[in-house]
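1. return atomic coordinates for the entry below.
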Amino acid sequence: MSGIVLSASVRQNLLSLQSTADLLATTQNRLSTGKSVNSALDNPTNFFTAQSLDNRASDINNLLDGIANGVQVLQAANTGLTSLQKLIDSAKSIANQALQTTVGYSTKSNVSTTISGATSADLRGTTSFASATAASNVLYDGAAGGATAASGATTLGAAQASAVSTGTSYAADGSTALTGAITLLGTTTSSALATAPADGDTLTVNGKTITFRAGTAPAQSAVPTGSGVSGHLVTDGNGNTTVYLGTSSAPLATVSDVLTAIDLASGVKTSTITAGAATIGAASAASPSTAAAGVVTLKSSTGADLSVTGNADFLHELGLTTATGGGNATVSAARATSSSSLGSLLQDGSTLNVDGHIITFKNAPVPGSSNAPAVPSGFGVSGNVLTDGNGNSTVYLQTGSISDVLKAIDFATGVQTFALNGSGGGTLATAVGQAPSTINSSGQLKLSTGVNADLSITGTGNSLAVLGLAGNTGTATAFTAARTSGIGGIAGKTLTFTSFNGGTAVNVTFGDGTNGTVKTLDQLNNALQANNLSATIDANGRLTITASNDYASSTIGSTVAGGAIGGTLTSALTFSTASTPVQDAVAQTARANLVSQYNNILNQIDTTSQDSSFNGVNLLNGDQLKLVFDETGKSSLNITGVTYNSKGLGLAALTVGVDFIDNAASNRVLTNLNSASSTLRSEASALGSNLSVVQIRQDFNKNLINVLQTGSSNLTLADTNVEAANSQALSTRQSIAVSALSLANTSQQSVLQLLR
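-> Purely as a prediction, here's the structure:
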């Protein structure tokens, strides 16, 4: 081959064609690989730089899997923390149920003492009460001018009033003057009324009822229980009477019978009933109603005005009214006051309520007096007052006086006493240290309040106004006056309690409530509250100091709980020995059930903590997590796990009969739960922070890999547009070179032809 000699042009064209082929091969290689640098021969610097960048990107990419696993480990731990927090909240709910459950003790530990006279408004009590004096308005008698002061002897009643027929009244014949013997019915016109009441007609006398009935009065054995028969009358002893008319052919009731019935109703006469028989007599110093010589005179009693309402024709027949007809008419007679009676007269049936005791004013003679009923069993009479010996009395208006009213009031307040002797009498006495109520020379009642209670008087009827107890306007509905109370029995005494269950020791001095002293129950409770104690007082002055609900299981003064009592008050009063609390079985059972529920929650906390793992790593069970972020291992994050089972959170299983037994025990559990909750929140925050760091580094590494790979590509990647153009140009050059070589060969062939 070396002997072949190529022409210069052929050689040149051949070399050009070889160069073009090499360039074309290079270009096609770049187009096929996409890189302009495919080996160190292409560009050593770029090749090795790009290789270094790719290697680093690969190393970092290999770390992403570990980082991703680390993220899931943190997510698992965070999920566990969330579940643990919910379980802690459930445990809190159980503890709060314990607080809201009935206190586990039916009786809490307490000490007590009795302070005489103590009330919630004044704990100091009293050594005594003094009877105060309360004054009424001025009372006047009925003397002319109405300005003469009444006295104790001034009577409650007044002189009898009369209702007299306006003219001469006659029997049915019109000529026989009316007398008491005239019958109401009858065929003989000279001995009967012309207009007689019919069967069922009534008269109303001072609120009492007189009923007319045909026929004869029943026998003693046939009258209603409590009533009695007298002649043609049957009366109930209270002023209600039935008058039996007989018949026209056999008349019975007379005008005198009607007048007797009216007098029984008005209080002029009285009836004593024994075994169905009524004995009727005149009230003391009372004149009965009469009918003589055609004149009918109705008399009121001294204790009430007279008011008679009935058939107008019948009352007209008696000459008592000018009204006629079948309707009703009223005849009245008002008593006149005098210097011996009150200027304003008490109404029959009025009452006074004095400190809860009832005083009734009654128009009747005093029981046990002449012609009056006997004293009822269980009662006694003192003057004109009938009393039950317990402060309830009746004052009789017919002969009663202001002194009798004052006596009845004193019976009610306890200023005076009346010890019954069982036979209608008794022993009158003034209570020790008391002064009976009086009326002064000015006519004012001076009422002693007594020491049993503050004075309180209300009334019905006109009693308050007549007795000057209705205030300045005369319209007040009550009269009151306070007793004078003595100095507190424990004033200046000090009560102390040492610290009870960690509370603030108490040092209380009783006084008027100023300068730090304690007077009221509220003030005492304010002082005791900080020492987990409370106080109550009952109506008898018994002061009781009790452990609060929070420490219902503790015993006051015990070695464990503290709260020992002392101070100068203990030398003045004797406190009871502190009682031990008494368990409520039902409440304790409920609390024991809550303990069981709570312990179940703790078990769930333990299992949840153990299950919060990922790929074998549990940050809630003491494991550690190390994450490497770069290829050198210099950039890393170490996360130390925690042990968050129940013990790790500071929570211990509860014991029945020890935990939840009172509010303090429940609050201790709540305190631990709140601490555990805070611990979980703190750890959740730390995990969240670490998770954020890991996720940021994860994103950083992903972006860094992209940067490295982009840099590597920038060093080695080919520009396909340029390489394509180069390939096209080289193809064209190759074609031209081939053509040139062909031309060179053609020239040599021409020479060969010449040689031929």
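2. so how far does stretch 159-178 reach from one end to the other?
-> With CA to CA, to the nearest Å as the measure, stretch 159-178 spans 27 Å from end to end.
3. show residues contacting that stretch.
-> With contacts defined as CB atoms under 8 Å, 6 or more residues apart in numbering, stretch 159-178 is touched by 182, 186, 189-194, 255, 268, 286-287, 291, 293-302, 305-306, 308, 317-320, 322, 331-336, 338, 341. For the C-beta atoms, the positions are set from N, CA and C on the backbone; glycine is no exception.
4. from these, which land in strands?
-> Secondary structure from DSSP state E places Ala291, Val295, Val296, Thr297, Leu298, Lys299, Leu306, Val308, Val331, Ser332, Ala333 of those in strands.
5. Three-state assignment for the closest residue in space to the fifth one that isn't next to it in sequence, please.
-> Excluding the flanking residues, the one nearest Leu298 by CB to CB, 6 or more residues apart in numbering is Ala163, at 4.1 Å. Classification of Ala163 using DSSP: H, G, I helix; E, B strand; the rest coil returns strand.
6. ok, so of the ones in strands among the contacts of stretch 159-178, who is nearest Ser120?
-> Nearest to Ser120 out of those is Leu306 (CB to CB; 54.0 Å).
7. tell me who's in contact with that closest one.
-> Taking CB under 8 Å, 6+ apart, we find Leu306 in contact with Ala161, Ala163, Val205, Asn206, Ser266, Leu298, Lys299, Ser300, Val331, Ser332, Ala333, Ala334.
8. what do you get for Gly563?
-> Shown in contact with Gly563 (CB under 8 Å, 6+ apart): 497-501, 503, 531-533, 547, 554, 556-557.
9. now do Ile661
-> Gly104, Ala552, Ser553, Gln588, Arg591.
10. please, a ChimeraX command that selects the buried ones among the contacts of Gly563?
-> To isolate the buried members of these in ChimeraX, using 16 or more other CB atoms under 10 Å:
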select :497,499,500,501,503,531,532,533,547,554,556,557
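11. which of the contacts of Gly563 fall in strands?
-> Short answer: the contacts of Gly563 in strands (DSSP E) are Phe497, Leu533, Ala547.
12. run the chain-centre distance for stretch 139-159.
-> 54 Å (CA atoms, centre = their mean, to the nearest Å).
13. which positions in that stretch come out as buried?
-> Quick answer for stretch 139-159 (16+ other CB under 10 Å): 139-143, 149-152, 154-159.
14. same deal with stretch 463-473?
-> Neighbour counts over stretch 463-473 (16+ other CB under 10 Å) mark Ser463, Leu464, Ala465, Val466, Leu467, Gly468, Leu469, Ala470 as buried.
15. ditto for stretch 292-309
-> Those would be 294-309, for stretch 292-309 by 16+ other CB under 10 Å.
16. which two in these are spaced the farthest apart?
-> So, the buried residues of stretch 292-309 by CB to CB: farthest apart are Gly294 and Gly303, at 29.6 Å.
17. confidence score at Asp122?
-> Listed pLDDT for Asp122 reads 88.
18. any idea how far it is from Gln398?
-> In this view, Asp122 and Gln398 are 46 Å apart by CB to CB, to the nearest Å.
19. more neighbours, those two?
-> More neighbours surround Gln398 than the other of Asp122 and Gln398, with 28 against 19 (other CB atoms under 10 Å).
20. if I look at the more buried one, how far off is Leu345?
-> 12 Å.
21. swap in His232?
-> Per CB to CB, His232 is found 34 Å from Leu345.
22. element containing the residue lying closest to Thr655 once chain neighbours are set aside, please.
-> In this structure, Thr655 finds its nearest non-sequential neighbour in Val595, 7.2 Å apart by CB to CB, 6+ apart. In this structure, Val595 sits in helix 585-610 according to DSSP states H and E.
23. in that helix, what's buried?
-> 587-588, 590-592, 594-595, 597-599, 601-602, 604-606, 608-609.
24. show me where the stretch 451-600 of the chain has its helices.
-> Chain-ordered helices for the stretch 451-600 of the chain, with DSSP state H, counting those that start in this stretch as the definition, fall at 463-466, 521-529, 569-572, 585-610.
25. which is the next helix or strand following the last one?
-> Using DSSP H and E, the helix or strand that follows helix 585-610 in sequence is strand 624-628.
26. phi, psi of Thr279?
-> Main-chain dihedrals, Thr279, degrees, to the nearest 10: phi -100, psi 120.
27. and it, what pLDDT?
-> Thr279 is given a pLDDT of 93.
28. I figured it was touching Ser230, is that so?
-> Yes - the pair Thr279 and Ser230 qualifies as a contact (CB atoms under 8 Å) at a distance of 7.0 Å.
29. more crowded one of the two?
-> Between Thr279 and Ser230, counted using other CB under 10 Å, Ser230 has the larger neighbour count: 19 against 13.
30. dump the residue contacts of the more buried one.
-> So, once contact is read as CB under 8 Å, 6+ apart, Ser230 ends up touching Ser271, Ala277, Ala278, Thr279, Ile280.
31. go through these and flag which are in helices.
-> The members of the contacts of Ser230 all map outside helices under DSSP state H.
32. of those residues, select the buried ones using a PyMOL command.
-> For the buried members of those, the matching PyMOL selection, counting by 16+ other CB under 10 Å, is:
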select buried, resi 271+278+280
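33. nice, that's everything, thank you.
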